[in-house]
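Asker: Provided below for reference: sequence and predicted model.
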Number of protein chains: 2
Amino acid sequence: MPPTIGVFDSGFGGLTVLRALIQRLPRARFAFIGDTARLPYGSKSRRTIARYAAESAQFLVRKQGAEFLVIACNTASALALDAIQVAVPDIPVLGVIEPGASAARAATRTGDVLVIATDATVQSHAYSAACRALGMRALEKACPLLVPLVEEGWTSHPVTAEVIRIYLDELNAEAKAQGLNPDTLVLGCTHYPLLRPLMQSIVPPGIRVIDSAEAAAEAAALLFNGPAQLPQDLAGTPETTVHCFATDSVEKFERLGSRFLGRPVGNVELVDLGG
Amino acid sequence: MPPTIGVFDSGFGGLTVLRALIQRLPRARFAFIGDTARLPYGSKSRRTIARYAAESAQFLVRKQGAEFLVIACNTASALALDAIQVAVPDIPVLGVIEPGASAARAATRTGDVLVIATDATVQSHAYSAACRALGMRALEKACPLLVPLVEEGWTSHPVTAEVIRIYLDELNAEAKAQGLNPDTLVLGCTHYPLLRPLMQSIVPPGIRVIDSAEAAAEAAALLFNGPAQLPQDLAGTPETTVHCFATDSVEKFERLGSRFLGRPVGNVELVDLGG
C-alpha cells in the first residue's frame, strides 16, 4: 500500500501543487480537498481561517489516512500553518511559503527578490518575513486580476500580457525607488503557474522566475523520499491514485480543475465539514 | 423620525444601489449590510444562500428597524427572494432583477435584450426568466473579469475597455447566430454601474444601456413614495443617514466602499450573524 499524501487548498488553485507533486512522487496516493464552500479565505480573519484549515487537515488525516500534509494554499500557509500542525500533531505539515523563499534564496545573487501574490497573501507579509529570515530583501505586490484572468482561461491572451506588464512595471519602479536590485521573481499564488510561459516571455532575461508550487513539491519530495530516491520515482510514471474532494458545488472545480492539474480531475466528491 | 430602508448585499457592490436610492429618497434612513464573511454567494447552493440572506434580512428588520428591504445583490435576488420574504413576512421586499427587466421592457423596441452579469447570476437565468415574463427575448453572458477590474479601480483603463469590447463582440456574435436583434444592454451586476461611462463609449449608438441598480432604486422610490412625492424629495438634499454593517473584515469595504457609494461610507460596524 503506497503512502497517502494529503493536499489542501481553499479552492482548486492548489491543484498546480498537486500536479508538481505527482511528477515527483508518482507512486504515492493523493487525497486533495478544496474547501470551496468557504473560499475565499483571503477576506477572513486569522482565527476563522485557522479553524477552517484545521477541519480540512483533520478530514485528510482521519478520513483519508493521509500520513503527510501539503498546504497548497498561500493564505492558509501564511496564517494557519501552526494551527494545522496543532490539529494533526503527529503528521508532517508543509506549506508553500518557506519552500518558495528557499528556492528564491538558491536562485538570487543580489539577495533582492520580487514577490507577486494575491491581496491576502501580500497583506500577511509572510513572504517578506520568510525571505528576511533567509537574509534576502523582498518586495511584494498584490496582483488581484491574475487569478480571474487564469480562471477565464486567458493564460496566453494579449490582455493578460498587458496586465502582467503593468503590474511588473509598477513593481520594478517601486523596487528602484527603494534602491533594490532584484534578480528573482517569486510566483506566490497557486494560480500563477499557468501564467508561467507568458510571464517568462515578459520578464527581462536577467530575472529568474520561481514557482512556489514547484518549490513546495520539490521540498515535499525531498522530505518524503529523501533526495536519493527521486530519480527512480521520476523514472517510472505508473498510474497515480488521486482523489479530489470539495466542500460545495463541484461544477467549477471539475470544469477548471483539469487545466490546473494537467490531467482529468475525475469525479470530485462532495464533503460536509460543517458550518 | 424618517422611515428606515434596509439594503442587503453579499458584499459592497450593492452600495451602487444604495447610492441610487439616496438620490431618490434623501430623507430616508438607510441601514446597509454586506455579508462579507460569507461572500461570494455565487458558488454556494440555493439553500445556503437563502439561509444567509434571510439572516441578513432579519438583522435589518429586527435590529435596525427597517420597514422596507431592497436586496441589492443579483445572486440573492435570483435565488432567495422568496426565502427572504418568508423570513420577514410583513416587510415589502424588492430585488434588483425584476426592476432591471422592467426598465429593459420600457427601453427596447425590438424586444431583444442583452444581459451581462456574473457567472452565478447568468447560471440562475433569472434575467432570462424575468425578461421572458415581460415578452422579451434575453441573451445573457457572464463577464467574470469585470468585477475584479472594478475592484482594481481600472474603471476607465484601456485594459478594461479591451475586455468589454471582447465580451460584447462575443455576445453580439452569439445574438446574431441566434437571430436576435438586440437594442438594449442590461448591466446585471451591482459592480457594473462604475463601468457605465466606459461601457457607453463602447456600445454602438443604437444600444440603450440599462443599469439594474438605477432601475431597482427607481422602483423602490415609486413603491415607497409614490410618484407624486418624488420631485419634492429630489429637490432637497439634506444629510441622509446611512449606517453600514459588515459580517467580516471591514477593511476592503471601507477602502472601496466610498467609490461605489459616491460618498464616504463612514465607520463600518462589524456584526456577527453566526456560522
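Answerer: Perfect, thanks for sending it.
Asker: which secondary structure elements does the strand or helix carrying residue A:185 contact?
Answerer: Assessed by DSSP states H and E, residue A:185 sits inside strand A:184-187. Helices and strands touching strand A:184-187, by 3 or more C-beta pairs under 8 Å, 6 or more residues apart in numbering or on different chains; DSSP states H and E, are helix A:97-107, strand A:112-117, helix A:196-202, strand A:208-211, helix A:212-225. Using the backbone N, CA and C atoms, a C-beta is placed for each residue, glycine as well.
Asker: pairing partners for it, with directions?
Answerer: According to DSSP bridges, strand A:184-187 forms sheet pairs with strand A:112-117 (parallel), strand A:208-211 (parallel).
Asker: and the last one, what's its mean pLDDT?
Answerer: Strand A:208-211 shows a mean pLDDT of 96 in the predicted model.
Asker: with the longest one instead?
Answerer: Confidence over strand A:112-117 (mean pLDDT, whole number) is 97.
Asker: quick one: the helices and strands packed on strand A:184-187 as a markdown table, columns for mean neighbour count too.
Answerer: Shown next, in a markdown table, are the helices and strands packed on strand A:184-187 (neighbours: other C-beta atoms under 10 Å in any protein chain shown):
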| stretch | mean neighbour count |
| --- | --- |
| helix A:97-107 | 22 |
| strand A:112-117 | 27 |
| helix A:196-202 | 15 |
| strand A:208-211 | 22 |
| helix A:212-225 | 23 |
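Asker: residue of the stretch 51-200 of chain A nearest chain B, please.
Answerer: Residue nearest to chain B within the stretch 51-200 of chain A (C-beta to the nearest C-beta): residue A:148, separated by 4.5 Å.
Asker: give me the three-state assignment for the residue nearest to that residue when sequence neighbours are not counted.
Answerer: Ranked by C-beta to C-beta, 6 or more residues apart in numbering or on different chains and with sequence neighbours excluded, the top spatial neighbour of residue A:148 is residue B:148, at 4.5 Å. Using DSSP: H, G, I helix; E, B strand; the rest coil, the structure places residue B:148 in helix.
Asker: near chain B, which residues of the stretch 101-250 of chain A show up?
Answerer: Taking C-beta under 8 Å from any C-beta of the partner chain as the criterion, the neighbours of chain B within the stretch 101-250 of chain A are A:144-145, A:147-149, A:151-152, A:159, A:162-163, A:166, A:248-249.
Asker: ok so, going back, the helices and strands packed on strand A:184-187 into TSV, with extra columns for distance to residue A:186?
Answerer: Shown next, in TSV, are the helices and strands packed on strand A:184-187 (distance: least, C-beta to C-beta, whole Å):
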stretch	distance to residue A:186
helix A:97-107	5
strand A:112-117	4
helix A:196-202	11
strand A:208-211	5
helix A:212-225	6
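Asker: how about those, which one is nearest residue B:54?
Answerer: Residue B:54 lies closest to strand A:112-117 among those, at 35.9 Å (C-beta to C-beta).
Asker: what's in contact with the closest one?
Answerer: A:74, A:104, A:122, A:127-128, A:131, A:136-143, A:146, A:167, A:171-172, A:175, A:180-189, A:192, A:207, A:210 (C-beta atoms under 8 Å, 6 or more residues apart in numbering or on different chains).
Asker: return the distance of that strand from the chain's centre.
Answerer: For strand A:112-117, the separation from the chain centroid amounts to 15 Å (computed by C-alpha atoms, centre = their mean, to the nearest Å).
Asker: same check, this time on stretch A:247-254
Answerer: For stretch A:247-254 - counting by C-alpha atoms, centre = their mean - the centre lies 19 Å from the chain centre.
Asker: now do that stretch: distance from first to last residue.
Answerer: Criterion C-alpha to C-alpha, to the nearest Å; first-to-last residue distance in stretch A:247-254 is 13 Å.
Asker: report the buried residues of that stretch.
Answerer: A:247-250, A:252-254 (16 or more other C-beta atoms under 10 Å in any protein chain shown).
Asker: helices or strands up against the strand or helix carrying residue A:122?
Answerer: According to DSSP H and E, residue A:122 maps onto helix A:119-124. Where contact means 3+ C-beta pairs under 8 Å, 6+ apart, helix A:119-124 is packed against helix A:74-87, strand A:137-142.
Asker: out of the ones you listed, deepest packed?
Answerer: helix A:74-87 (a mean of 23; mean count of other C-beta atoms under 10 Å in any protein chain shown).
Asker: report all helices and strands that it contacts.
Answerer: helix A:46-58, strand A:68-71, strand A:93-94, helix A:97-107, helix A:119-124, helix A:126-133.
Asker: quick check: angle from it to helix A:97-107?
Answerer: 120 degrees (axes from the mean of the first three to the mean of the last three C-alpha atoms, to 10 degrees).
Asker: outside of helix A:74-87, which residues touch it?
Answerer: A:8-10, A:40-42, A:46, A:49-51, A:53-55, A:57-58, A:69, A:71, A:93, A:95-97, A:117-118, A:120-121, A:124, A:126, A:188-190, A:212.
Asker: just the CA atoms of the lengthiest helix in chain A, as CSV, please.
Answerer: Criterion DSSP state H: the longest helix present in chain A is helix A:158-177. The C-alpha coordinates for helix A:158-177 follow below in CSV (Å, rounded to 0.1, in the frame of the first residue of the first chain):
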residue,chain,number,x,y,z
PRO,A,158,-2.8,39.7,-25.1
VAL,A,159,-4.9,41.3,-22.3
THR,A,160,-3.2,39.2,-19.7
ALA,A,161,0.2,40.0,-21.2
GLU,A,162,-0.7,43.7,-20.9
VAL,A,163,-1.9,43.3,-17.3
ILE,A,164,1.3,41.5,-16.3
ARG,A,165,3.4,44.2,-18.0
ILE,A,166,1.6,46.9,-16.0
TYR,A,167,2.0,45.1,-12.7
LEU,A,168,5.7,44.3,-13.3
ASP,A,169,6.4,47.9,-14.4
GLU,A,170,4.8,49.2,-11.2
LEU,A,171,6.7,46.6,-9.1
ASN,A,172,10.1,47.4,-10.8
ALA,A,173,9.5,51.2,-10.4
GLU,A,174,8.8,50.6,-6.7
ALA,A,175,11.9,48.4,-6.4
LYS,A,176,14.1,51.1,-8.0
ALA,A,177,12.6,53.7,-5.7
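Asker: which strands or helices does it pack on?
Answerer: strand A:112-117, strand A:137-142, helix A:146-151, helix A:196-202, helix B:158-177.
Asker: buried residues in it, which are they?
Answerer: Quick answer for helix A:158-177 (16+ other C-beta under 10 Å): A:159-161, A:163-164, A:166-168, A:171-172, A:175.
Asker: burial of the residue lying closest to residue A:3 once chain neighbours are set aside, as a residue count?
Answerer: Leaving out its chain neighbours, the residue that sits closest to residue A:3 by C-beta to C-beta, 6+ apart is residue A:67, at 5.1 Å. Using other C-beta atoms under 10 Å in any protein chain shown, the number of residues around residue A:67 comes to 16.
Asker: for residue A:2, see how far away residue A:67 is.
Answerer: 10 Å (C-beta to C-beta, to the nearest Å).
Asker: which regions of chain A sit below the pLDDT cut-off?
Answerer: Residue ranges of chain A with pLDDT under 70: A:43, A:226-238, A:275.
Asker: give me the most central residue, it.
Answerer: Closest to where the C-alpha atoms of chain A average out (C-alpha atoms, centre = their mean) is residue A:190, at 3.8 Å.
Asker: that's a strand at that residue, yeah?
Answerer: No - counting by three-state DSSP, residue A:190 is not part of a strand but coil.
Asker: just to check, it is in contact with residue A:95?
Answerer: No - under the criterion of C-beta atoms under 8 Å, residue A:190 is not in contact with residue A:95, lying 11.4 Å apart.
Asker: picking that back up, contact partners of the strand holding residue A:185?
Answerer: A:100-101, A:103-104, A:107-108, A:112-116, A:127, A:138, A:168, A:193, A:195-196, A:199, A:203, A:207-213.
Asker: mind redoing it with 7 Å?
Answerer: Applying C-beta atoms under 7 Å, 6 or more residues apart in numbering or on different chains, the external contacts of strand A:184-187 come out as A:100, A:104, A:107-108, A:113-116, A:127, A:193, A:196, A:203, A:207-212.
Asker: with stretch A:91-108 instead?
Answerer: A:17, A:61, A:66-72, A:74, A:77-78, A:81, A:84-85, A:113, A:126-127, A:130-131, A:134, A:136, A:183-184, A:186, A:188, A:208, A:210, A:212-213, A:215-216, A:218-220, A:223.
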